[in-house]
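Enquirer: for reference, the sequence and a predicted model appear below.
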Amino acid sequence: MAVLSIFRSTAARRGVRAVGVASASVALAIGAAGNALACDISEFSAAAACEGGKGVITVTDVDPAGIPATVSVYLQNNGADAKKVGEQVVKGSREGTTITFTEDWKPNAEYRIHVKADRYVDEDIKPNLVTPATACGTEETPSPSPTPSQSSPVPSDTPSDETPTPSSTPSTSAPAPAQSESTAPAAAPSNAPSPAAGESNLAETGANSNTGMIVGIAAALVVVGGGAVFFGMRRRGANSGR
């Protein structure tokens, strides 16, 4: 009987020990699974990018448990917070969940990103985020040169309405022509008698006023000479008849 009772107590002890080991193993497995599903700072990452020519800061959470986490972004200046850019709540996923903060960041600027998720995480993403050396929107794309069809206008068959028409009325600003330039003054009437035709011709040839007298004397001499010849011939005829 004593041997049987000793055997029973030993078996009971072994059974209790096996149950204890199994329980501890289950507890360890549950703890490991809980730690694996818990949120961790290593599951968060940040980056500075450009969207539509403007700067943004993105934070990505790859926590498969999807524990809500509050993300805060601060601009740093000489190791201190200069301003708070914004704060958002993110629920991670195995594929990754990304949230965006609009921030016109400057080149080589430094930002501190803090994450707080219940009792799991309450710390910054290390190291701090440093923006690229080139700001957004500084590169200008060259505009394409216009094609000949775009640059040369199509001629129109109809005259343009903007063509100035000549004015039918004379301009009032033009100065009136002077009397000396437009019309020569009429000759003043004279009371002196006009010269005779013969005198005008003699004047044109250079003769003086004694020409009439000379002509009269010559005519008289011709008459006297003719009369002398006539009387001489009659006298000669009378003498020959005797």
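Expert: Good, I have the coordinates.
Enquirer: just the mean pLDDT for the helix or strand hosting residue 220, thanks.
Expert: Using DSSP states H and E, residue 220 maps to helix 211-241. Per-residue pLDDT over helix 211-241 has a mean of 80.
Enquirer: what's the answer for stretch 106-126, then?
Expert: Mean predicted lDDT for stretch 106-126 stands at 96.
Enquirer: checking residue 137 next. Helix, strand or coil?
Expert: coil (DSSP: H, G, I helix; E, B strand; the rest coil).
Enquirer: contacts only, for it.
Expert: Counting by Cβ atoms under 8 Å, 6 or more residues apart in numbering, residue 137 touches 50, 53, 54. C-beta here means a position set from N, CA and C on the backbone, and glycine is covered the same way.
Enquirer: longest strand of this protein?
Expert: strand 80-91 (DSSP state E).
Enquirer: that one pairs with which strands, and in what direction?
Expert: strand 68-77 (antiparallel) (DSSP bridges).
Enquirer: give the buried residues for the partner strand.
Expert: By neighbour count on 16 or more other Cβ atoms under 10 Å, the buried set for strand 68-77 is 69, 71, 72, 73, 74, 75, 76.
Enquirer: and stretch 42-50, by the same measure?
Expert: 43, 44, 46, 48.
Enquirer: what sits against the third one?
Expert: For residue 46, the contacting residues are 57, 58, 59, 60, 73, 111, 113, 125, 129, taking Cβ under 8 Å, 6+ apart as the criterion.
Enquirer: let me know the pLDDT of it.
Expert: pLDDT at residue 46 comes out at 97.
Enquirer: try residue 37
Expert: At residue 37, pLDDT is 58.
Enquirer: contact partners for residue 125?
Expert: By Cβ under 8 Å, 6+ apart, the neighbours of residue 125 are 41, 44, 45, 46, 59, 113, 114, 115.
Enquirer: spatially, which two of the residues you listed are the most separated?
Expert: 45 and 114 (13.9 Å; Cβ to Cβ).
Enquirer: who is residue 47 paired with across the strands?
Expert: According to DSSP bridges, beta-bridge pairing links residue 47 with residue 58.
Enquirer: tell me which residues touch residue 108, please.
Expert: So residue 108 contacts 130, 131, 132, 133 (Cβ under 8 Å, 6+ apart).
Enquirer: hmm, back to that, now tell me which of the contacts of residue 137 the prediction trusts least.
Expert: Among those, residue 53 has the lowest pLDDT, at 90.
Enquirer: just checking, residue 112 touches residue 71?
Expert: No - between residue 112 and residue 71 there is no contact under Cβ atoms under 8 Å: 11.3 Å.
Enquirer: ok, residue 55 - contacts?
Expert: 48, 49, 102, 103, 104, 105, 131, 135, 136.
Enquirer: rewinding a little: only whichever of the contacts of residue 108 are buried, select them in ChimeraX.
Expert: Of these, the buried ones go into a single ChimeraX selection, burial set by 16+ other Cβ under 10 Å:
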select :131
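Enquirer: just the ones in strands from the contacts of residue 108, please.
Expert: residue 130.
Enquirer: nearest to residue 90 among the contacts of residue 108?
Expert: Using Cβ to Cβ, the contacts of residue 108 come closest to residue 90 at residue 131, 20.8 Å.
Enquirer: I'm done for today, thanks for sticking with me.
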